[in-house]
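A.B. asks: Sharing a model prediction with you, sequence too.
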Amino acid sequence: MEDQVRRLVLFGTKGVVMRCRDFTAEALADWGWLPAETDEARERVDDVLLLVSEVVTNACLHAGGPEELVLRRRRDGLRVEVSDANPEQPRRRRPRAPSLPGGHGLMVLDRLAGDWGSEPRDHGKVVWLEVARPAPGP
């Protein structure tokens with residue numbers, strides 16, 4: 001299975017989270033992650049869609065909106081990259097009560113992504129995350 005890349009150029013913040021989720025779901029379907037054959041595979045797809053929502057929402061709230069969503073299918077999984085024009089790297093805030101809204105995005109990345117981070121670029125940054133491909137069904 002060769003690597004494949006899909007790119008979605010973005011601007012503004014209105015409706016961008018849903019556009020990115022839909023774009024990701026379509027790519028996952030084309031790449032055989034959907035329809036999911038097992039409970040684990042369904043959970044992994046749900047995790048990917050939640051993670052995309054989180055990093056795109058963070059770009060909307062803290063960086064003026066995302067500029068591009070890049071999905072990289074690899075043999076062992078998926079890499080998601082969201083670029084924005086703000087050079088400030090993501091940072092954890094003080095712990096909040098889980099029952100309070102907001103401020104949990106990086107905690108979600110810690111729990112659901114296999115790995116994640118951010119890298120500076122010429123103008124702004126790229127926040128990336130990686131998720132392992134689910135095991136094939138029976």
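C.D. replies: Great, that's in hand.

A.B. asks: use CA for all of it now, contacts and neighbours both
C.D. replies: Will do.

A.B. asks: Residue ranges in the protein under the pLDDT threshold?
C.D. replies: Counting by pLDDT under 70, the chain has low-confidence residues at 1, 92-105, 137-138.

A.B. asks: mind checking the SS state of the residue nearest in space to the middle of it?
C.D. replies: Among the residues of the chain, residue 52 comes closest to the average C-alpha position under CA atoms, centre = their mean, at 2.9 Å. In three-state terms, and counting by DSSP: H, G, I helix; E, B strand; the rest coil, residue 52 is helix.

A.B. asks: Surely it touches residue 20?
C.D. replies: Yes: using CA atoms under 8 Å, residue 52 makes contact with residue 20 at a distance of 7.1 Å.

A.B. asks: so what's residue 8 closest to, chain neighbours aside?
C.D. replies: The spatially closest residue to residue 8, leaving aside those adjacent along the chain, is residue 69, at 5.1 Å (CA to CA, 6 or more residues apart in numbering).

A.B. asks: Pull the number of nearby residues for that neighbour.
C.D. replies: Residues lying near residue 69 (other CA atoms under 10 Å) number 24.

A.B. asks: Can I take it that it is in a strand?
C.D. replies: Yes: membership of residue 69 in a strand is supported by three-state DSSP.

A.B. asks: What distance do you get for it to residue 135?
C.D. replies: Residue 69 sits 25 Å away from residue 135, going by CA to CA, to the nearest Å.

A.B. asks: Please apply the same query to residue 79.
C.D. replies: Applying CA to CA, one obtains 17 Å for the distance of residue 79 from residue 135.

A.B. asks: Please apply the same query to residue 32.
C.D. replies: In this structure, residue 32 lies at 12 Å from residue 135, with CA to CA as the measure.

A.B. asks: tell me how far the helix or strand harbouring residue 80 is from the chain's mean position?
C.D. replies: When elements are assigned from DSSP states H and E, residue 80 belongs to strand 77-84. Strand 77-84 has its C-alpha centroid displaced from the chain centroid by 6 Å (CA atoms, centre = their mean, to the nearest Å).
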